[in-house]
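Chemist: from the sequence below, what's the structure:
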Amino acid sequence: MFIDMSYIILVMPAVLFSLWASTKVNSTFQRYSGQQIRCGMTGSEAARMILNANGLRDVRIEHIAGNLTDHYDPSANVIRLSDSVYSGSTPAAIGVAAHECGHAVQHATGYFPIRIRTAIVPITNIGSQLAMPLILLGIIFSVSNPQLISLAYLGVVCFSLCAVFQLVTLPTEYNASSRAIAALEGCSRLTDDEIYGSKKVLNAAALTYVAALAVSIMQLLHLLLMVQRNDRN
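Modeler: Coordinates of the predicted model:
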């Protein structure tokens, strides 16, 4: 029975870290969803306040079903907030809503990393679809024609685009959270404890992006080692 030790050593720790990060963000969100904002401000109200303060009155706020499905859609110029965030009056809801506003402000101000991320999305999607087929075909065909291992290396290059995307995403998400906290700190309606709760939620969420980058890099290294082994053989 074949055991891929490089996968176990490189990828598995990153996958476990990703699972832990996902669990942490959910538990932290649930914890601070159990505390109520004293002033009664909801996530949608906080979002409207932050957008207006940044001159983004044209950005709409909509409700979307689901749990933590919140996102900013630049193509439609709309922030969509999930069930517990849109009408929730908790530090968790306020923090998530403010974070999505941070992305809207990034797009409005031409924040460089988010411009790069938006530009490489089509290439990344194509690369992620071609990567594994190219790697598998390159390894299989190289048995009869060693030169065709170049297909596998091309597949590794395609997969590397996913790692680049995650790398660019990381500062984008951290910056959106920084903008969110700054906006909440500038709001006289929230207490220090409430802002602290929002910070904890956003910090936990940021770990999921660190984990995603770690998984992408480790998978990239694993695929490269796998192709190199077949190349030598």
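Chemist: what about Ala92, distance to Gln219?
Modeler: 31 Å (CB to CB, to the nearest Å). Every C-beta, even on glycine, is put in place using the N, C-alpha and C of the backbone.
Chemist: low-confidence bits of this protein, can you list those?
Modeler: 1-2, 233 (pLDDT under 70).
Chemist: could you pull out the helices for it?
Modeler: 5-6, 12-32, 43-53, 83-86, 91-109, 112-141, 149-185, 192-232 (DSSP state H).
Chemist: centre of the chain versus the first one, how much separation?
Modeler: When you say that, I think you mean helix 5-6. Relative to the chain's own centre, helix 5-6 is displaced by 27 Å; criterion: CA atoms, centre = their mean, to the nearest Å.
Chemist: about what we covered before: so Ala92 and Gln219 - more neighbours on which side?
Modeler: A count of neighbours by other CB atoms under 10 Å puts Ala92 above the other of Ala92 and Gln219, at 26 against 19.
Chemist: spit out the contact partners of that one.
Modeler: Residues near Ala92 by CB atoms under 8 Å, 6 or more residues apart in numbering: 28-33, 84-85, 197-198, 201.
Chemist: what about the residue lying closest to Leu154 once chain neighbours are set aside, distance to Leu151?
Modeler: Nearest residue to Leu154 in three dimensions, chain neighbours excluded: Leu134, at 5.3 Å (CB to CB, 6 or more residues apart in numbering). The gap separating Leu134 from Leu151 is 5 Å, by CB to CB.
Chemist: now swap in Asn26 and tell me
Modeler: Taking CB to CB as the measure, Asn26 falls 40 Å from Leu151.
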